[in-house]
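Chemist: the following block contains a protein sequence and its predicted model.
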Amino acid sequence: MVTPNPWEQAYLRFETPEEETQKFIRRLNQLGQDKWSRDLKIVEIFCGRGNGLIALQRLGFKNIIGIDLSPALLKAYQGHAPLCSSDCRWLPLADKSCDIVIVQGGLHHLPVLPDDLELTVAEVHRALRSGGRFVVVEPWLTPFLRLIHFLSERRIIRAILPKFDAFATMVHYERETYFNWLQQPDTVHAVIVNKLLEVSCNKKLGKIAFVGKK
C-alpha cells in the first residue's frame, strides 16, 4: 500500500475542486484572458489535480496541456486535456512550441534557488514561441500573507477553520522551500526577468502575479 503524501492530502482538503476552479477563473480574468485567442497552445506546469486546466476549458481554450511531477495529483484530474508527469526543469516540450506557459503555485516548491528557478525559466523560454508569455502566480510576502501565517499558527484558529489547518499543514511540509522562496524576492524577480520582458507585475494579497513576454 502506498502511504498518502501528507502535503497532497492537505492540498486536497484546502479547497474543493470547484472552489479552486473558480479561483483560477478569477485570476485568469484579472490577467486579461479575454484578450487571448482561444486557439493558443497553453501549457500549465505544476498543474496538480488539473483545476487550472478545467478553468481554461470553461473559458473556451481548446489547446491546453497539463504537466506535474505528481502522478497521484494528475489522477485526480476530471477533464480531457492531455497530461504529462514530468519535472519542470526538463520540460517534455519542443522548442518554440507553446504560446503561453502558466504556473499557479508551483515554483516555490523548487528545492534549490536560484539554480532550479533558472533551469525552469530557461526551459519555459525555450518552449515559448516568439512573443509567447509566461504567466506566474506565486506566494509573496505581503502584509496580508504575514497575517495569514500568524492566524494559521494559532491552534484555536486551526480548530475552528479547517482551511487554516490545511494551509498550516502544507506550510509545515514545504517549509524549507516555501520560506526560501519568500525570503528571496529580489533574486526570484531577477531570474525571471533575465529571460523575459516584464509585461505586468502585481504584488498583493499574498501573491505575485507576473506576466513576461519572450
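Modeler: Alright, I've got the coordinates. Numbers count the residues shown, from 1 in each chain.
Chemist: quick one: low-confidence ranges for this protein?
Modeler: 1-4 (pLDDT under 70).
Chemist: how about the helices in this protein?
Modeler: 6-14, 17-30, 51-58, 71-74, 115-127, 143-152, 155-160, 162-173, 175-182, 185-195 (DSSP state H).
Chemist: which of the ones you listed sits most buried?
Modeler: helix 51-58 (a mean of 24; mean count of other C-beta atoms under 10 Å). (C-beta placed from N, C-alpha, C; glycine too.)
Chemist: turn the helices of the chain into a markdown table, including distance to residue 102.
Modeler: Shown next, in a markdown table, are those (distance: least, C-beta to C-beta, whole Å):
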| stretch | distance to residue 102 |
| --- | --- |
| helix 6-14 | 18 |
| helix 17-30 | 8 |
| helix 51-58 | 7 |
| helix 71-74 | 16 |
| helix 115-127 | 10 |
| helix 143-152 | 21 |
| helix 155-160 | 31 |
| helix 162-173 | 20 |
| helix 175-182 | 18 |
| helix 185-195 | 14 |
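Chemist: closest to residue 91 out of these?
Modeler: Shortest distance between residue 91 and the helices of the chain, using C-beta to C-beta, is found for helix 115-127: 4.5 Å.
Chemist: tell me the contacts of the residue sitting nearest the centre point of the chain?
Modeler: Closest residue to the average C-alpha location of the chain: residue 104 at 1.9 Å, with C-alpha atoms, centre = their mean. Residue 104 is in contact with 24, 27, 44, 46, 52, 137, 138, counting by C-beta atoms under 8 Å, 6 or more residues apart in numbering.
Chemist: recalculate using a threshold of 6 Å.
Modeler: 52, 137 (C-beta atoms under 6 Å, 6 or more residues apart in numbering).
Chemist: what's the spacing between the closest residue to residue 57 other than its chain neighbours and residue 30?
Modeler: Distances taken as C-beta to C-beta, 6 or more residues apart in numbering place residue 79 nearest to residue 57, at 5.8 Å, with adjacent residues excluded. Applying C-beta to C-beta, to the nearest Å, the value for residue 79 to residue 30 is 22 Å.
Chemist: for the biggest strand by length in the chain, list every residue counted as buried.
Modeler: Criterion DSSP state E: the longest strand present in the chain is strand 128-139. Under the neighbour-count criterion of 16 or more other C-beta atoms under 10 Å, strand 128-139 has 128, 132, 133, 134, 135, 136, 137, 138, 139 buried.
Chemist: follow-up on the earlier one: now for the residue nearest to residue 57, how many residues are close by?
Modeler: 17 (other C-beta atoms under 10 Å).
Chemist: pretty sure it contacts residue 55?
Modeler: No. Here residue 79 does not reach residue 55: they are 9.8 Å apart, not a contact under C-beta atoms under 6 Å.
Chemist: overlap of the contact sets of the two?
Modeler: With C-beta under 6 Å, 6+ apart, residue 79 and residue 55 have no common neighbours.
Chemist: right, I'll call it a day here.
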